[in-house]
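Undergrad: generate a structure from the sequence data that follows.
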Amino acid sequence: MGISKPKDEAKQKEREEKKQKKEKVKVKAVEARSIIRIANTDLDGDKPVPIALKRIKGVGFSFARAIVNVLNIDPNKRLKELSEEEIKKIEDLLQNPSKYGFPSFMLNRRKDYETGEDKHLIAEQVVIARKFDIEREIKMRSYKGWRHMLGQPVRGQRTRSHFRAGKTVGVVRKKK
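TA: Numbering: from 1, shown residues only. The predicted structure is shown next:
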């Protein structure tokens, strides 16, 4: 019995040390930012950088990983662990990816209709550009424009069994 008491005391001390470490970690977590705003989008600070960046409209998996690689950020690092300088670099890269040497195939708006240059649109820019593209198609009276106007599928899908929302389709029987 005398031998087991020191082991129990040692285990008790280890447990107390672990509790103290957990309390310190909790205090640090409270101090850290949990929501970070990049490109007018609130991002979860507890997620790894590439996964958090995917929440920005216009940024997909490949583009997020490319951002991390270009800026030499550890992909496993949490977003809240980034410094203000690194966050500003990410915002600048999102605004001007060609400045950082991104190839044109990584951008989401190649050969823009109005300017003819390669761009990368993010956040509300994507929504606005799409809206104007649809309006332009309707104004030109192209086939795609007509389909948009009529509320029909634009890209060649069949309409026999789908796209029936809001319409009544069926046979009306004669009254006896």
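Undergrad: after the helix or strand bottoming out on mean pLDDT in the chain, next one along is what?
TA: Least confident element among the helices and strands of the chain, by mean pLDDT, DSSP states H and E: helix 4-31 (a mean of 68). Going down the chain from helix 4-31, the next helix or strand is strand 35-38, by DSSP states H and E.
Undergrad: got a list of contacts for the following helix or strand past that next one?
TA: Following strand 35-38 in sequence order, the next helix or strand is strand 41-44 (DSSP H and E). Residues from elsewhere that reach strand 41-44 (Cβ atoms under 8 Å, 6 or more residues apart in numbering): S34, I35, I36, R37, A52, L53, R55, I56, K57, L79, A123. Every C-beta, even on glycine, is put in place using the N, C-alpha and C of the backbone.
Undergrad: rounded mean pLDDT for the strand or helix carrying I87, please.
TA: In this structure, I87 sits in helix 84-95 according to DSSP H and E. In this model, helix 84-95 has an average pLDDT of 92.
Undergrad: about what we covered before: for F63, state which of the contacts of strand 41-44 is nearest.
TA: Closest approach to F63 among those (Cβ to Cβ): L53, at 8.0 Å.
Undergrad: which residues does that closest one contact?
TA: By Cβ under 8 Å, 6+ apart, L53 lies in contact with I38, L43, V59, F63, A64, I67, V68, I90.
Undergrad: got the buried residues for the helix or strand containing D133?
TA: Assigned by DSSP H and E, D133 belongs to helix 124-140. Across helix 124-140, burial judged by 16 or more other Cβ atoms under 10 Å covers Q125, V126, A129, E137.
Undergrad: need the residues you listed in CSV with pLDDT and distance to K174, can you?
TA: As requested, the buried residues of helix 124-140 are exported to CSV (pLDDT from 0 to 100; distance: Cβ to Cβ, whole Å):
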residue, pLDDT, distance to K174
Q125, 90, 56
V126, 91, 52
A129, 92, 52
E137, 93, 43
